[in-house]
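Trainee: just coords:
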């Protein structure tokens, strides 16, 4: 696994890369970074090349860059960033795996360029926009970030991001997630919250999804109700749903073995990796 920097026409972006072959684009959750995907980058199935970028405004363990346009960034901005990165890397089509906010951006990619998406992994995410209650919670989080910075956001979100089993049995993971959150800047966090607030309803996209799709949920996810996951699964033709037990919102970190098994099994099911 290597940490690299792509110098795109309007910005520089750090990304993590491992493996070789067909491409998998890994899109992280709010309020983390590409480092969220380390358990997958180190256990990539043969024949695959994984690309995990820091989304605009987020900072992982690598160099920090000045990010333009944070005040007006949207899900479509993030999608355009990713298409530019794929083009820069010479990748025509990729399987796109998005967790939480990463899933919202995957839907924006579907709207922008469906031909470039070879498959979808939608983890702990939903197609519907925020409810009135959800919008109010976003405003509360923006205010908290302004008052207490990334540390305040981390404190408020840890028990929502991780399931009760993880909090009880994996205290070191809670510490690691907190550290990932606290590396981020307030402008980057606020930009992402505003972009999530403004995201459109992606439900109309679902019946037209024409690529293989895996939908992952956590048994103890406090942020995405199971009913939302079930509705999305039923609307996407041929989607494969899987529930990861004893895991909350960050399934790929809380149960990396089960998540990796699901991802590899999904790829093998469609004949994309060697048996």
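Mentor: Received the coordinates, thanks. Nothing here was measured: the structure is a model prediction, and the numbers come from that model. Numbers count the residues shown, from 1 in each chain.
Trainee: use CA for all of it now, contacts and neighbours both
Mentor: Noted.
Trainee: for the stretch 101-250 of the chain, what are the low-confidence residue spans?
Mentor: Scanning the stretch 101-250 of the chain for pLDDT under 70 picks out nothing.
Trainee: residue boundaries of the helices in it?
Mentor: Along the stretch 101-250 of the chain, counting by DSSP state H, counting those that start in this stretch, helices occupy 101-112, 132-161, 164-169, 171-182, 186-198, 226-235.
Trainee: what angle sits between the fourth one and helix 132-161?
Mentor: It stands for helix 171-182. Angle of helix 171-182 versus helix 132-161, following axes from the mean of the first three to the mean of the last three Cα atoms, to 10 degrees, is 130 degrees.
Trainee: and helix 171-182 with helix 186-198, angle?
Mentor: Using the same axes, to 10 degrees: helix 171-182 against helix 186-198 is 90 degrees.
Trainee: Residue 40 is in contact with residue 18, correct?
Mentor: No: here residue 18 lies out of contact with residue 40, judged by Cα atoms under 8 Å, at a distance of 9.5 Å.
Trainee: Start and end of stretch 55-75, how far apart?
Mentor: This stretch, stretch 55-75, spans 11 Å end to end (Cα to Cα, to the nearest Å).
Trainee: Stretch 123-131 now?
Mentor: Chord length of stretch 123-131, first to last residue, is 20 Å (Cα to Cα).
Trainee: Next, residue 209: phi, psi?
Mentor: Backbone geometry at residue 209, expressed as degrees, to the nearest 10, gives phi -60, psi 120.
Trainee: tell me the contacts of residue 220?
Mentor: The contact partners of residue 220, by Cα atoms under 8 Å, 6 or more residues apart in numbering, come to 163-164, 245-249.
Trainee: Could you identify which of the residues you listed has the most neighbours?
Mentor: residue 248 (29 neighbours; other Cα atoms under 10 Å).
Trainee: Would you mind giving me the confidence score for residue 67?
Mentor: Residue 67 is assigned a pLDDT of 89 by the prediction.
Trainee: now do the one 3 residues further on
Mentor: On pLDDT, residue 70 comes in at 95.
Trainee: Residue 9 now?
Mentor: pLDDT, residue 9: 89.
Trainee: tally of neighbours for it?
Mentor: Residues near residue 9, counting by other Cα under 10 Å, number 8.
Trainee: for residue 62, what are its contacts?
Mentor: Contacts of residue 62 by Cα under 8 Å, 6+ apart are 3, 14.
Trainee: before we move on, which element is it in?
Mentor: Residue 62 belongs to no helix or strand when assigned by DSSP states H and E.
Trainee: what's the answer for residue 64, then?
Mentor: Counting by DSSP H and E, residue 64 is part of no helix or strand.
Trainee: related to what we said a few turns ago, would you mind putting the contacts of residue 220 into a markdown table with distance to residue 188 alongside?
Mentor: Output for these, formatted as a markdown table (distance: Cα to Cα, whole Å):
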| residue | distance to residue 188 |
| --- | --- |
| 163 | 25 |
| 164 | 28 |
| 245 | 32 |
| 246 | 31 |
| 247 | 27 |
| 248 | 24 |
| 249 | 21 |
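Trainee: Residue 139: which of these is nearest?
Mentor: residue 249 (20.8 Å; Cα to Cα).
Trainee: Quickly note the distance from the closest one to residue 31.
Mentor: Counting by Cα to Cα, the gap from residue 249 to residue 31 is 12 Å.
Trainee: Looking at stretch 31-38 now, give me its mean pLDDT.
Mentor: For stretch 31-38, the mean pLDDT works out to 98.
Trainee: From one end of it to the other, what's the distance?
Mentor: The straight-line separation of the ends of stretch 31-38 (Cα to Cα) is 16 Å.
Trainee: so how far is that stretch off the chain centroid?
Mentor: Relative to its chain's centre, stretch 31-38 lies at 8 Å (Cα atoms, centre = their mean, to the nearest Å).
Trainee: what sits up against that stretch?
Mentor: With contact meaning Cα under 8 Å, 6+ apart, stretch 31-38 is reached by 15-16, 26-29, 52-55, 58-61, 177, 180-181, 184, 189, 252-253.
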